[in-house]
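> Below: sequence and its predicted model.
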Amino acid sequence: MEGDIAEMGKYIGVGLTAIGMGGAAIGVGNIAGNFLSGALRNPSAAAGQTAMLFIGIAFAEALGIFSFLVALLLMFAV
Amino acid sequence: MEGDIAEMGKYIGVGLTAIGMGGAAIGVGNIAGNFLSGALRNPSAAAGQTAMLFIGIAFAEALGIFSFLVALLLMFAV
Amino acid sequence: MEGDIAEMGKYIGVGLTAIGMGGAAIGVGNIAGNFLSGALRNPSAAAGQTAMLFIGIAFAEALGIFSFLVALLLMFAV
């Protein structure tokens, strides 16, 4: 058995960051899903809530991009 | 016992990235599911919300594609 | 087999912090999704609850940023 054990941990850590991206996608899905559900029930109000939809998506997506950033830092910077 | 332990970690990490893709699929499913639920209740409004459906799917799908990108980087670039 | 086993643990720990970011994103998604769901049902009340939406998002987002901070501290400060 050879190889660097720290490198092994690094690669496992990179894989684990994908769980953060998955969770962010669940959050984004929840926001957009609820928007569509409400917009199809009351289409006249949909245009007024589009800004809130994008603000909500931005906050959830940011956490997924933080996870991606951690993956890139682990792979190429540390 | 022989073999490179860093390679072992790499393969486990690649497998873990699939959790991110699974989470993205849950998010996409939530969006498209809510769209269909609303569109079948009020079909006349469905055409006006198709753009929002695709925008929402794009944000959730992007996080799954980031996970896939991390898997490819782990396998072929690191 | 060479390498520092403490470093291995550090990198795995960094990967695990992404679970915190994913959970925070699920929370943000739940808050923004429920706001949108209610705002589209009763749009005249939405403006009055926008402050509460941002307060809720801020508290959930803060926990994701704490996870990100822990990842950065593990990688660069410890």
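Received it, and whenever you're ready, just let me know what you need. Residues are numbered from 1 along each chain as shown, chains lettered A, B, ... in the order given.
> Closest residue of chain A to chain B?
residue A:22 (2.1 Å; Cβ to the nearest Cβ). (Glycine included, C-beta is placed from N, CA and C.)
> Just give the nearest non-adjacent residue to that residue, would you?
In this structure, residue A:22 finds its nearest non-sequential neighbour in residue B:23, 2.1 Å apart by Cβ to Cβ, 6 or more residues apart in numbering or on different chains.
> After the host helix or strand of residue A:31, which helix or strand is next?
Per DSSP states H and E: residue A:31 is located in helix A:5-41. Helices and strands here follow DSSP H and E; after helix A:5-41, the next one along the chain is helix A:50-76.
> got the buried residues for that next one?
For helix A:50-76, the neighbour count (16 or more other Cβ atoms under 10 Å in any protein chain shown) marks A:52-75 as buried.
> Let me know whether the residue of chain A closest to chain B touches residue B:16 as I believe.
No: counting by Cβ atoms under 8 Å, residue A:22 sits too far from residue B:16 to count as a contact (10.2 Å).
> circling back: hang on, the residue nearest to residue A:22 packs against residue A:21?
Yes: Residue B:23 lies in contact with residue A:21 (Cβ under 8 Å); the separation is 6.9 Å.
> check contacts around residue A:5.
Residue A:5 is in contact with B:5-6, C:1-5, C:7-8, counting by Cβ atoms under 8 Å, 6 or more residues apart in numbering or on different chains.
> out of residue A:22 and residue B:16, which sits in the busier spot?
residue A:22 (30 against 23; other Cβ atoms under 10 Å in any protein chain shown).
> quick revisit: now list the buried members of the contacts of residue A:5.
Judged by 16+ other Cβ under 10 Å, buried ones among the contacts of residue A:5: B:5-6, C:3, C:7-8.
> Could you save those residues as JSON lines and add columns showing pLDDT and distance to residue B:44?
Listed next are the buried ones among the contacts of residue A:5 as JSON lines, based on pLDDT from 0 to 100; distance: Cβ to Cβ, whole Å:
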{"residue": "B:5", "pLDDT": "92", "distance to residue B:44": "61"}
{"residue": "B:6", "pLDDT": "92", "distance to residue B:44": "59"}
{"residue": "C:3", "pLDDT": "87", "distance to residue B:44": "64"}
{"residue": "C:7", "pLDDT": "93", "distance to residue B:44": "61"}
{"residue": "C:8", "pLDDT": "94", "distance to residue B:44": "59"}
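> Which members of the residues you listed are the farthest-apart pair?
B:5 and C:7 (13.2 Å; Cβ to Cβ).
> Tell me which residues touch the closest residue to residue A:68 other than its chain neighbours, please.
Using Cβ to Cβ, 6+ apart and skipping residues adjacent in sequence, the residue nearest residue A:68 is residue B:66, 4.8 Å away. By Cβ under 8 Å, 6+ apart, residue B:66 lies in contact with A:21, A:64-65, A:68, B:20.
> can we see that at 10 Å?
A:17-18, A:20-21, A:24-25, A:64-65, A:67-68, A:71-72, B:17, B:20-21, B:24 (Cβ atoms under 10 Å, 6 or more residues apart in numbering or on different chains).
> now residue A:28
A:56-61, A:63-64, B:24, B:27-28, B:30-31, B:56-63, C:25-26, C:28-29, C:32-33.
> re earlier: closest to residue A:46 among the contacts of residue B:66?
Distances from residue A:46 to those, taken by Cβ to Cβ, are shortest for residue A:25, at 22.7 Å.
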